[in-house]
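Visitor: here are the coordinates; sequence isn't available:
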Ligand SMILES: Cc1cc2nc3c(=O)[nH]c(=O)nc-3n(C[C@H](O)[C@H](O)[C@H](O)COP(=O)(O)O)c2cc1C
């Protein structure tokens, strides 16, 4: 029997979720996002499950010491039935909203081991995994998937399995594994999943602002929205979506607010045991996305990508964010700017999925 989702913050409103992102959606980042306006749900980065794996204690901390007060789903990445059953059982004693299976990770080192997105090449095995997690997950059983591997051939079969095993929620990234992160998102496939499944669907992929959130809700009819990179760039996005959907004035952050956000990231990540260079590099991952909305020519991005010390970093932040602190931070990324490295892999050329109307 399917379990209903936990209540959203505003009863009756489409829920939002912070997407699982390895090395990003840690306890620290969840805490920062919560400060600026929490999504309805959080997903952990993945727990890698294999023969000798134990639950990663840093990821587990975001569950046992959840700094948000909102439900957290625990994501698993693996393929072995016994080990997945063991991990789901171990999570049983912890306050998770559900167990989420990763069926989307496109990193070659992952999919080559037939886990993450690689599983979409073997739906018979996915059938078995769903069976085990449905039976042994003490909480909800939810899935995060892409629309196919090389192409969308597995899509209908995947939908059938999601129905068969009465999955409680599907978060659907509207790209194939081969399409990585920057190809156009196939919202028509998300729309099809919404109409074909009895469970709620969270649409995922390139939801960049409250405006595109409203557009995707309308276009796909989805239950809610999952947002990753744009929440790194703009941690107010969940609050803005709530305001927009409620018909309220939408908060417009200024560059001064962005400085405050970065200050919070710095404070939350502060760890005297970490060498300066590693700390700066960790923050750079966030600047990479934040910089897409600071200035249209990308001058901030250019400078901050090259920074090596905290002092140089703070100089750049002061110059670009505090000289005109009232200047608005762009709601959408400025056209032409790209976060780098962008996780695109040179391994294979991008294959484009066919539109839904051409037959999934
Ligand atoms: C840095 C990074 C790490 C990611 N790690 C995970 C992960 O651990 N599990 C997962 O299911 N997806 C992961 N993803 C994919 C995101 O959850 C999401 O599906 C994708 O970024 C598309 O959504 P967006 O356009 O809102 O960013 C990751 C994405 C990024 C950019």
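Guide: Everything's here; your move. It should be emphasised that the depicted structure is a prediction, and the values quoted were computed from it without experimental measurement.
Visitor: contacts and neighbour counts: CA atoms only from here.
Guide: OK.
Visitor: From what I see, residue 301 and residue 291 are in contact.
Guide: Yes: contact criterion CA atoms under 8 Å: residue 301 and residue 291 qualify, at 5.0 Å.
Visitor: got any ranges where this structure has weak pLDDT?
Guide: Residues of the chain meeting the criterion pLDDT under 70: 341-352, 357-360.
Visitor: Near the ligand, which residues of it? Just list them.
Guide: Neighbours of the ligand within the chain, by CA under 6 Å from any ligand atom: 19-22, 45-46, 102, 104-105, 144, 173, 204-207, 227-230.
Visitor: ok, 8 Å please
Guide: 19-24, 44-46, 75, 101-105, 116, 144-145, 172-173, 181, 204-208, 226-231, 342-343 (CA under 8 Å from any ligand atom).
Visitor: Of the residues you listed, grab the buried ones for PyMOL.
Guide: To isolate the buried ones among those in PyMOL, judged by 16 or more other CA atoms under 10 Å, type:
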select buried, resi 19+20+24+44+45+46+75+101+102+103+104+105+116+144+145+172+173+181+204+205+206+207+208+226+227+228+229+230+231
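Visitor: Which of the residues of the chain next to the ligand fall within helices?
Guide: By the criterion of DSSP state H, membership of these in helices covers 229-231.
Visitor: neighbours of the nearest residue to residue 94 once chain neighbours are set aside, just the number please.
Guide: What sits nearest to residue 94 in space, not counting adjacent residues and going by CA to CA, 6 or more residues apart in numbering, is residue 64, at 6.7 Å. Residues near residue 64, counting by other CA atoms under 10 Å, number 15.
Visitor: Kindly list the main-chain dihedrals of residue 245?
Guide: Per-residue torsions, residue 245: phi -70, psi -20 (degrees, to the nearest 10).
Visitor: Next, the contact list for it, please.
Guide: For residue 245, the contact set (CA atoms under 8 Å, 6 or more residues apart in numbering) comprises 13, 214.
Visitor: Against the ligand, how distant is it?
Guide: Residue 245 sits at a distance of 19 Å from the ligand (criterion: CA to the nearest ligand atom, to the nearest Å).
Visitor: so the residue nearest to residue 94 makes contact with residue 91?
Guide: No: counting by CA under 8 Å, residue 64 stays clear of residue 91, with 10.4 Å between them.
Visitor: Buried residues in the helix or strand residue 218 falls within, which are they?
Guide: According to DSSP states H and E, residue 218 maps onto helix 210-220. Going by neighbour count (16+ other CA under 10 Å), the buried part of helix 210-220 is 210, 213-214, 216-217, 220.
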